[in-house]
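Peer 1: Structure for this input, please:
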Amino acid sequence: MDEEPVETTVYSLAASVPAQPDRRGSERFLSLLRVGAMVVDGRRELCLIRNISAGGMMIRAYSPVSVGTPLSIELKQGDPVNGIVQWNEEGLTGVAFDSPIDVLALLAPPEEGPRPRLPRIEVECTAWVRQEADVIRTRVANVSQGGVRLETPAPLTIGGDVVVTLPGLTPAAGVVKWREGDAYGIAFNRGLILSELVHWLKDQQQEQQRRIAV
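Peer 2: Numbering: from 1, shown residues only. Predicted structure coming up:
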């Protein structure tokens with residue numbers, strides 16, 4: 001049986017505000033979503049952050065927030081980001097930031113204490129997957145130190161061993177964990193090196209900015 005992917009906060013290098021979510025037949029687990037502190041109409045409360053991009057975020061608030069309401073959300077201790085509510089749907093709220101943020105700087109580890117693993121980051125690039133004798137061209141949806149979400153109409157075997165090659169990174173061996181339509185979740189056998197992944201993400205961010213500027 002396919003493993004159901006657990007929902008965690010996703011970060012994106014895109015400049016746009018996260019779009020309204022696709023309708024799904026079943027509710028996913030929310031226990032791994034990042035918690036943020038939201039200030040709206042002079043009150044402070046917690047919210048769950050489902051998606052963060054340079055231009056905005058998608059949150060699950062615990063009380064209704066009307067479209068057009070200004071608010072601020074603290075993503076790092078003492079570092080609030082201001083924005084305006086753009087949409088509401090099925091308990092989720094889209095917020096547009098007043099000015100773009102640096103997503104990779106937001107993910108920078110603290111100077112003291114343990115270095116946390118990098119969460120999932122949405123990217124737009126091609127990857128190649130080798131499963132047995134087949135090499136398949138795929139589209140990357142998001143990547144983390146521990147794995148990658150790929151999209152391809154070609155069939156991959158759940159539980160099968162694969163090797164994933166992202167352009168500019170050393171090929172990584174892994175296992176196909178789940179399938180959802182044309183999307184597959186692959187867990188790496190060994191986590192990617194944080195410094196190499198961050199450097200690669202910066203290159204992807206610059207490439208995305210160049211494409212927008214053209």
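Peer 1: alpha carbons only for contacts and neighbour counts from here, please
Peer 2: Noted.
Peer 1: can you give me the strands in this protein?
Peer 2: 10-12, 34-40, 43-52, 56-61, 70-76, 79-89, 92-97, 120-131, 134-143, 147-151, 161-165, 172-180, 183-188 (DSSP state E).
Peer 1: nearest to residue 208, of those strands?
Peer 2: strand 120-131 (8.1 Å; CA to CA).
Peer 1: Put together TSV for the strands of the chain, with distance to residue 202 on each row.
Peer 2: Putting the strands of the chain into TSV (distance: least, CA to CA, whole Å) gives the following:
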stretch	distance to residue 202
strand 10-12	12
strand 34-40	22
strand 43-52	16
strand 56-61	19
strand 70-76	20
strand 79-89	22
strand 92-97	21
strand 120-131	11
strand 134-143	13
strand 147-151	17
strand 161-165	18
strand 172-180	19
strand 183-188	21
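Peer 1: my guess is residue 57 contacts residue 18, does it?
Peer 2: Yes. Using CA atoms under 8 Å, residue 57 is in contact with residue 18, at 5.8 Å.
Peer 1: any common contacting residues for these two?
Peer 2: 51, 94 (CA atoms under 8 Å, 6 or more residues apart in numbering).
Peer 1: Can you pull out the low-pLDDT segments for the chain?
Peer 2: For the chain, residues meeting the criterion pLDDT under 70 lie at 1-7, 22-32, 76-78, 108-118, 212-214.
Peer 1: looking at the chain, which residue lies furthest from center?
Peer 2: Ranked by distance from the centre of the chain (CA atoms, centre = their mean), the top residue is residue 133, with 30.8 Å.
Peer 1: Strand 134-143 and the longest helix belonging to the chain, what's the angle between them?
Peer 2: Ordering each helix of the chain by length in residues (DSSP state H) puts helix 194-213 first. When axes from the mean of the first three to the mean of the last three CA atoms, to 10 degrees is applied, the directions of helix 194-213 and strand 134-143 differ by 90 degrees.
Peer 1: How many residues are close by the closest residue to residue 67 other than its chain neighbours?
Peer 2: Closest residue to residue 67 apart from its sequence neighbours, by CA to CA, 6 or more residues apart in numbering: residue 85 at 5.0 Å. By other CA atoms under 10 Å, 20 other residues sit near residue 85.
Peer 1: Outline the domain layout of this structure.
Peer 2: 10-106, 123-209 (automatic domain parsing).
Peer 1: Can you give me the distance of residue 53 to residue 43?
Peer 2: 25 Å (CA to CA, to the nearest Å).
Peer 1: next one: residue 57
Peer 2: 20 Å.
Peer 1: Which residue of these two possesses the greater neighbour count?
Peer 2: Per other CA under 10 Å, whichever of residue 57 and residue 43 has more neighbours is residue 57, with 25 against 8.
Peer 1: list the contacts for the more buried one?
Peer 2: 17, 18, 49, 50, 51, 94, 95, 96, 97.
Peer 1: Of those residues, which is the most crowded?
Peer 2: Ranked by the number of neighbours (other CA under 10 Å), the contacts of residue 57 place residue 95 first, at 28 neighbours.
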